[in-house]
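Engineer: Take this sequence and fold it.
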Amino acid sequence: MSRALGVCAGCVRSGFADVRPRLEAAHAEERAEFGLPAQPPRSRGGIRCTLCGNECVIGEGERGFCGLRSARAGRLVHLAGTPSRGLLHWYRDPLPTNCVADWVCEGQEHRGCHNLAVFYCSCTADCLFCQNWHFRKVSPTEAGTMSADELAAVADARTFCVCYFGGDPASQMPHALATSKQLARRGVRVCWETAGTMHPKLLDRAVRYSLETGGCIKFDLKAFDEELHRALAGISNRRTLENFARAAERSAERRGAPLVVASTLLVPEYVDADQVGRIAGFIASIDPEIPYSLLAFAPNFYMSDLPFTSARQAREAEAAARAAGLVNVRIGNRHLLGLA
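Structural biologist: Below is the predicted model of the structure:
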């Protein structure tokens, strides 16, 4: 088990009520380092934010779980994530690139073009194994921001696609959608890499842009059991699963390149073949042809004491996914796999 959690996966699944205080303390300790609330606030008399599934109720002077919303003088204040203020980094990623969906994406055939990679410096989850945790050091009040107009303007004739990731675009959807509106008009494919916690109506708009432009939505399904998801990511996965099904049900509206792609990070000792099989069964119940990428884990952040994903764990997970009924399964990041 990871020292940061101090609890193994078996105890999380079989005795969650008993170990929950220990798990919540682990997340609280990590988030305090970055000045973020330990849990989504539920202040009496506060203002509810409905932009994601956490639905924070923010009291005067408090910050929401993502760190981008606060309450002042009885109103909700957006520190970033609006069309005029995006907290992000961007760069041009030459095609072909190491996208989660690269093996089913048409972009791999467009050498000489690039992906406009948009890294949003905020998140609606709190993964103790986060591979990109450094964004937590970016302050929404001190760092520079970029409007949707400014971001859209950096696209040029060689911009084949845009991909919003991070962090997670779910925490800054108004900004991403405003940017997408402009890029879609210019023929840029719109893609998303997300845990899918945004409000369903915001997801619908994201799906529309991807459908119209030939892009895709890559859902990061971290775990199937809610207790394990809370242990690893600090929040429930109910909205994630609901939104995945909501988006996947629209896949039939387009032939050819898939609209929805799923991925799972194979965290050693926690996300095993059994957990992958449950996730795969859920996906297959919607559409067995949805592509599913199993990603190798690299030790990082608060779970840096865990080993790399072993080749054996990856093979077992792949077999479990196929046994659950999926026909499009791939092991990604093979260069990170251990030898065992």
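Engineer: Show me where the stretch 51-200 of the chain has its strands.
Structural biologist: Taking DSSP state E, counting those that start in this stretch, the strands of the stretch 51-200 of the chain run over residues 57-58, 69-72, 75-78, 88-94, 114-120, 159-166, 189-194.
Engineer: List the contacts of the fifth one.
Structural biologist: When contacts are defined by C-beta atoms under 8 Å, 6 or more residues apart in numbering, strand 114-120 is touched by residues 86-95, 97, 99, 107, 132, 135, 151, 154-155, 158-169, 171-172, 175-176, 179, 183, 188. (C-beta placed from N, C-alpha, C; glycine too.)
Engineer: Restricted to buried residues, select these in PyMOL.
Structural biologist: Those of these that count as buried under 16 or more other C-beta atoms under 10 Å are selected in PyMOL with:
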select buried, resi 86+87+88+90+93+95+99+107+132+135+151+155+159+160+161+162+163+164+165+166+167+168+169+171+172+175+176+179+183+188
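Engineer: show me where the stretch 1-150 of the chain has helices.
Structural biologist: In the stretch 1-150 of the chain, the segments counted as helices under DSSP state H, counting those that start in this stretch are 9-14, 16-32, 148-153.
Engineer: which residue of this structure sits farthest from its center?
Structural biologist: Ala73 (32.2 Å; C-alpha atoms, centre = their mean).
Engineer: That one and Thr50, how far apart?
Structural biologist: 20 Å (C-beta to C-beta, to the nearest Å).
Engineer: again with Pro307
Structural biologist: 40 Å.
Engineer: host element of Ser210?
Structural biologist: helix 200-213 (DSSP states H and E).
Engineer: Packing partners of whatever helix or strand comes next after that helix?
Structural biologist: Sequence-wise, the next helix or strand downstream of helix 200-213 (DSSP H and E) is strand 217-220. For strand 217-220, the elements it packs on are strand 189-194, helix 200-213, helix 238-248, strand 260-266, judged by 3 or more C-beta pairs under 8 Å, 6 or more residues apart in numbering; DSSP states H and E.
Engineer: Which positions within stretch 284-302 qualify as buried?
Structural biologist: For stretch 284-302, a neighbour-count test (16+ other C-beta under 10 Å) marks 284, 286-287, 290-297, 301-302 as buried.
Engineer: before we move on, the earlier item: can you redo the helices of the stretch 1-150 of the chain as JSON lines with mean pLDDT?
Structural biologist: Formatted as JSON lines, these follow (pLDDT from 0 to 100):
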{"stretch": "helix 9-14", "mean pLDDT": "94"}
{"stretch": "helix 16-32", "mean pLDDT": "96"}
{"stretch": "helix 148-153", "mean pLDDT": "98"}
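Engineer: Out of these, which gets nearest to Gln313?
Structural biologist: Set against Gln313 and scored by C-beta to C-beta, these come closest in helix 9-14, at 12.6 Å.
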